[in-house]
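J.: Quick one: sequence and predicted model below, then my questions.
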Amino acid sequence: MSLNKIFMTTALVACGLTMTNAQEKTKPEQTEVYTPVPKIVQGAAVYTAPPSDAVVLFDGKDLSKWVSTDDRSQPAKWTVADGVFIVNKKTGGGNIETKQSFGNYQLHIEWQVPANIEGKGQGRGNSGLFLASIGKGDAGYELQILDSYKNDTYTNGQAASIYKQLVPLANPTHKPGEWNSYDVVWTAPTFNDDKSVKTPARVTVFFNGVLVQNNAELKGPTQYIGDPAYRQAHGPSPIKLQSHGDPSAPLSFRNIWVREL
Ligand code: MG
């Protein structure tokens, strides 16, 4: 290759990169990552009884600590039965979130995909734990919940990813019909007076006892399409659970508690 050709190629590559960076991403596929695939690890779901200073968000009895995200004056319309509650995926079920708002916290939650789950990829046992539900055009910061047992999808959208931002360090997802646990340490973002971000959000997650997010920094609220960024300042926020629109059978949750830090 002549020097001239090398120069031209370099210039074109540089130009192409600049154009790609400048282009707004308009398709969901543009922010999907597929490799490397996190290794599969055998973990063990952790049941931890709420510590004495925890706020118990679900004790097996009722959803009195939760409301409908669509209308916070309305109770959570998900089903409680046999010490667990089940996502309501019917029209009008919607997402649910806590009545109380939280800043920095430690949280424990257990979730189970039904044994008879069908579908694939993002359409198989999809829910989500939004670590802060901030509204105003942003859904919040989603720690993905998904059946990632022998179910390939983009790695930054599998179970325990921070959706389309942070790939989990391992995949210890239990098979459908078995319980999984997340133990989360959430450090909320802080903002300057001019509403610019002062310190970004950080998250640590243990998934079935396995470290999968290690004090990882978030680039902003999670986005289905486009790159994340901190576009609005916010303070303490509710914690939200997702009723995802896919047709697969609904997940169950149990033993949810949070300790404010
Ligand atoms: Mg989800």
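T.: Received the coordinates, thanks. Numbers count the residues shown, from 1 in each chain.
J.: Give me every residue in this structure that's in contact range of the ion.
T.: 126, 128, 242 (Cβ under 5 Å from the ion). Every C-beta, even on glycine, is put in place using the N, C-alpha and C of the backbone.
J.: try 6 Å this time
T.: 126, 127, 128, 142, 144, 242, 244 (Cβ under 6 Å from the ion).
J.: Now tabulate those in JSON lines and tack on pLDDT, neighbour count and secondary structure.
T.: As requested, those are exported to JSON lines (pLDDT from 0 to 100; neighbours: other Cβ atoms under 10 Å; DSSP: H, G, I helix; E, B strand; the rest coil):
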{"residue": "126", "pLDDT": "97", "neighbour count": "25", "secondary structure": "coil"}
{"residue": "127", "pLDDT": "97", "neighbour count": "24", "secondary structure": "strand"}
{"residue": "128", "pLDDT": "98", "neighbour count": "21", "secondary structure": "strand"}
{"residue": "142", "pLDDT": "98", "neighbour count": "24", "secondary structure": "strand"}
{"residue": "144", "pLDDT": "98", "neighbour count": "24", "secondary structure": "strand"}
{"residue": "242", "pLDDT": "96", "neighbour count": "24", "secondary structure": "coil"}
{"residue": "244", "pLDDT": "95", "neighbour count": "19", "secondary structure": "coil"}
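J.: now these as TSV including distance to residue 254?
T.: Formatted as TSV, those follow (distance: Cβ to Cβ, whole Å):
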residue	distance to residue 254
126	19
127	13
128	17
142	20
144	19
242	17
244	19
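J.: Would you mind checking which of these is nearest to residue 193?
T.: Top of the list for closeness to residue 193, among the residues of the chain next to the ion and by Cβ to Cβ, is residue 142 at 27.9 Å.
J.: Show me the beta-bridge partners of the residue in the stretch 1-150 of the chain positioned nearest to the ion.
T.: Closest contact between the stretch 1-150 of the chain and the ion, by Cβ to the ion, is at residue 128 (3.2 Å). Per DSSP bridges, the residues bridged to residue 128 are residue 144.
J.: mean confidence for the helix or strand that contains residue 214?
T.: Assessed by DSSP states H and E, residue 214 sits inside strand 210-217. For strand 210-217, mean pLDDT is 98.
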